[in-house]
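**Q** Just a sequence and a predicted model for now, questions to come.
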Amino acid sequence: MRAAAIIENFLEMMSAERGAAENTLSSYRRDLEAAAEFIAARGSNLPDAASEDIRAYLDEMNTLGFAATSQARRLSALRQFFRFLYAEGMRQDDPTGILDAPKKERSLPKIMSEQAVGRLLDRAKLEAEDSAMAGTDRLRAMRLHALLETLYATGMRVSELVGLPASVARSDHRFLLVRGKGAKDRMVPLSAKAREAMSRYLALRDAQPESDDNPWLFPAFSESGHLARQVFARELKSLAARAGISTSAISPHVLRHAFASHLLQNGADLRAVQQLLGHSDISTTQIYTHVLEERLHQLVSEHHPLAD
């Protein structure tokens, strides 16, 4: 069977059995097709590749200057692919089993200070309450305010946020039911400010003629029917510039990091933060422990009798 057909079968399995998101499937497709092209040039077929073929592929990426994170991601895709072949009886071995993942430094997440987030939210609220705004501009301003308050109150992934159905915001304003990676649901609490911003936005949204036929909380004229992540990110950067905050230091994901870091700074339990972020493994959440280390160091410096 040709590599392309087997890749399609693998992607169908990842979608049906693992609940992989469209972005994940697209990433797997690109990585596997790139590997298949390289291995075909060596006179072999991806499903029949030997460990030497995979190692040569990784060496080629290193030579071309691919970051260790990119190399590790592609190797992970190949591991999943060959495990699928083994499980389906198409191979009796896994050629990636003896290969080590490229070593990569785990960078600390970019975060914003509580003061900077406060300035951003204050600016969003000011614009949302601007009585001079009307029509589409007013709806957009109130939508952005609701998006930001909700994102900072919950730490949701941006894809989870823009893809919220309108029904979840109507059922119980104190909590939102979020569908995360792997189609796993979790409950996240909404702050009073987020509830207020959401209620004001919902009232204006529901008054729009086209809102009745759109099931999304943040509808848009797009292929998905809801606001695109890129549009939200662009509006966020524009708001940051108006608030006097560097646009290079802001993104929806930075606000997710800020949510987690600020919780830990103020005494939240790491396990609770893990649950709120929707991390399946606490090791993913532990990247934020540098915040705890800084907080403990400050406590010792301020309160230990022998501290300088």
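**A** Now that the structure is in, tell me what you want to look at. Predicted model, so just to flag it, every value in this text is computed and none were measured.
**Q** pretty sure Ser27 is touching Gln80, no?
**A** No: using Cβ atoms under 8 Å as the test, Ser27 is too far from Gln80 to be in contact (11.2 Å). All C-beta atoms are positioned from the backbone trio N, CA, C, and that covers glycine.
**Q** residue contacts, the residue nearest the centre of the chain?
**A** Computing the C-alpha centroid of the chain and ranking residues by Cα atoms, centre = their mean puts Arg157 first, at 4.2 Å. Arg157 makes contact with Gly180, Lys181, His253, Arg256, Gly278 under the criterion Cβ atoms under 8 Å, 6 or more residues apart in numbering.
**Q** repeat that with 10 Å
**A** Leu151, Gly163, Val178, Gly180, Lys181, Arg229, Pro252, His253, Arg256, Leu277, Gly278 (Cβ atoms under 10 Å, 6 or more residues apart in numbering).
**Q** Any chance of a ChimeraX selection covering the buried ones in those?
**A** Buried members of the contacts of Arg157, defined by 16 or more other Cβ atoms under 10 Å, are picked up in ChimeraX with:
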select :151,163,178,180,181,229,252,256,277,278
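**Q** and for Ser27 and Gln80, which residues touch both?
**A** Joint contacts of Ser27 and Gln80 (Cβ under 10 Å, 6+ apart) are Ala20.
**Q** Break this protein down into its domains, please.
**A** With domains defined by automatic domain parsing, the chain comprises 3-87, 114-298.
**Q** So what's the model's average confidence on the first one?
**A** Per-residue pLDDT values across domain 3-87 average out to 91.
**Q** still on that earlier bit, between the domains of the chain, which one is nearest to Gly97?
**A** With Cβ to Cβ as the criterion, Gly97 lies closest to domain 3-87 of the domains of the chain, at 8.0 Å.
**Q** Give me the distance from that closest one to the chain's centre.
**A** How far domain 3-87 lies from its chain's middle: 22 Å, per Cα atoms, centre = their mean, to the nearest Å.
**Q** first to last residue in that domain, what's the distance?
**A** 17 Å (Cα to Cα, to the nearest Å).
**Q** Make 343 the first number, not 1, from now on.
**A** Renumbered: residue one is now 343, and that last one reads domain 345-429.
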